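**Student:** sequence and predicted model, in that order:
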Amino acid sequence: MAPNTYLITGAAGFLGWNLGRMLIRGQSTVVGTWHHSKPDRCASGHCMQFDLEQDDAETLLAATSPDVVVHCAALASRAACDADPDLARRVNVDATRRLAEACAERDATFVFISTDLVFDGSRAPYREEDPVSPASVYAETKAAAELEVAGVCPKHYILRPALMYGQTAQDTPGSFLSWNVGRPAAGAAVQLYTNQYRMPLYAPDLARSIESLVKSNAGYGIYHCAGPERMTRYEIGLRIAEHFDLPAGLMEKTELPVTDDTSLVTEKVLRATGVEFMGLDNGLREIAQRIVF
Ligand SMILES: NC(=O)c1ccc[n+]([C@@H]2O[C@H](COP(=O)([O-])OP(=O)(O)OC[C@H]3O[C@@H](n4cnc5c(N)ncnc54)[C@H](OP(=O)(O)O)[C@@H]3O)[C@@H](O)[C@H]2O)c1
């Protein structure tokens with residue numbers, strides 16, 4: 001029987017909320033965890049508090065009996081990881097290993113959300129089998145967690161999403177959009193790199209890929225997930241200005257000392273799932289229709 005009971009860690013966060021909303025619409029049973037404050041709109045049927053550092057992974061799984069754990073919770077900001085590398089390791093590596101072990105113990109599938117930033121951006125485009133080259137504390141913890149997951153839980157999917165965008169539980173622009181829309185909307189300029197390349201990924205598309213991978217019984221292992229376009233951060237900013245009716249002049253050009261390109265080859269996930277990743281214009285159009293300012 002296809003797996004139908006999901007546990008989402010970080011269900012009140014940006015990706016966790018998008019995933020929970022989609023799974024519930026598809027009639028799956030979903031339990032989500034939250035951390036600091038109980039969300040008004042946690043996109044899951046049932047929500048419980050769980051601290052990755054303090055709380056016991058086996059107890060969580062015993063209480064929820066999931067077929068699949070999708071581990072979205074993380075110390076996901078580069079700045080927060082730089083500020084406290086020990087905390088980053090405890091949350092992003094140690095807690096991930098404990099959850100993966102608990103899944104292995106119960107024969108559940110573990111889906112770990114890693115990142116395109118496991119690559120340093122000097123040798124794009126990257127395939128799943130390319131060696132990782134993390135260039136930040138955040139990326140190092142994600143690369144280390146990937147190894148732990150692969151080592152302890154045979155039924156695992158490791159997804160490496162590119163820079164994501166979408167909406168949040170509060171109907172606001174989520175992830176990097178909150179900065180790229182929020183500042184110009186308040187009349188402030190945003191500095192955007194002309195030599196940093198990303199393949200913006202619409203969060204609902206990643207959610208669809210996760211469900212499809214799990215349900216189609218695709219081979220376990222690593223999958224790269226990214227939108228179809230390779231663009232500079234500056235080009236992305238101009239598209240955002242267009243869709244959200246913001247002054248393009250507030251999207252200001254700047255440059256990194258060296259080009260940073262974490263583009264991913266996505267053939268493997270496309271073949272396994274059949275899910276088409278949306279282009280930026282279509283994704284932004286969908287969001288702009290729903291966002292409340
Ligand atoms: N957004 C992107 O562009 C992007 C790109 C590639 C990969 N990723 C990865 O995708 C995943 C989801 O990212 P996101 O953008 O949805 O991040 P997010 O909105 O910051 O969500 C992360 C969630 O983790 C929770 N969390 C943090 N520390 C915790 C702890 N000690 N115990 C329990 N929960 C804790 C946070 O809860 P509190 O806020 O209450 O602490 C938050 O709800 C992350 O693994 C991230 O590394 C994101």
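**Tutor:** Arrived safely. Numbers count the residues shown, from 1 in each chain.
**Student:** what packs against whichever strand or helix holds L60?
**Tutor:** Using DSSP states H and E, L60 sits in helix 57-64. Counting contacts by 3 or more CB pairs under 8 Å, 6 or more residues apart in numbering; DSSP states H and E, helix 57-64 is packed against strand 5-9, strand 46-49, helix 95-106. (C-beta placed from N, C-alpha, C; glycine too.)
**Student:** point out the most buried one among the ones you listed.
**Tutor:** Of all those, strand 5-9 carries the top mean neighbour count, a mean of 26, counting by mean count of other CB atoms under 10 Å.
**Student:** that strand pairs with which strands?
**Tutor:** strand 29-34 (parallel), strand 68-71 (parallel) (DSSP bridges).
**Student:** mind checking which of these is nearest the ligand?
**Tutor:** Closest approach to the ligand among the strands paired with strand 5-9 (CB to the nearest ligand atom): strand 29-34, 6.3 Å.
**Student:** what does the closest one rub up against?
**Tutor:** Outside strand 29-34, the residues that touch it by CB atoms under 8 Å, 6 or more residues apart in numbering are 4-12, 16, 20, 23-24, 42-50, 60, 64, 66, 73.
**Student:** for the residue of the chain found nearest the ligand, which non-adjacent residue is spatially closest?
**Tutor:** Proximity of the chain to the ligand (CB to the nearest ligand atom) peaks at G13, 2.3 Å away. Nearest non-adjacent residue to G13, counting by CB to CB, 6 or more residues apart in numbering: C72, 6.0 Å away.
**Student:** report how many residues lie close to the one you found.
**Tutor:** Residues lying near C72 (other CB atoms under 10 Å) number 27.
**Student:** with P154 instead?
**Tutor:** Neighbours of P154 using other CB under 10 Å come to 13.
**Student:** surely it is in a helix?
**Tutor:** No. Looking at P154 with DSSP: H, G, I helix; E, B strand; the rest coil, it is coil, so not inside a helix.
**Student:** quick one: buried residues of the helix holding L60?
**Tutor:** The neighbour-count check on helix 57-64 (16 or more other CB atoms under 10 Å) flags 57, 60-61, 64 as buried.
**Student:** put together CSV for these, with distance to T194 on each row.
**Tutor:** What follows is the buried residues of helix 57-64, written out as CSV (distance: CB to CB, whole Å):
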residue, distance to T194
A57, 43
L60, 45
L61, 46
T64, 46
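**Student:** so what's L256 up against?
**Tutor:** So L256 contacts 193, 195-196 (CB under 8 Å, 6+ apart).
**Student:** what residue in this protein is the furthest from its centre?
**Tutor:** For the chain, the residue at maximal distance from the C-alpha centroid (CA atoms, centre = their mean) is G249, at 29.7 Å.
**Student:** need the three-state assignment for that residue.
**Tutor:** From three-state DSSP, the assignment for G249 is helix.
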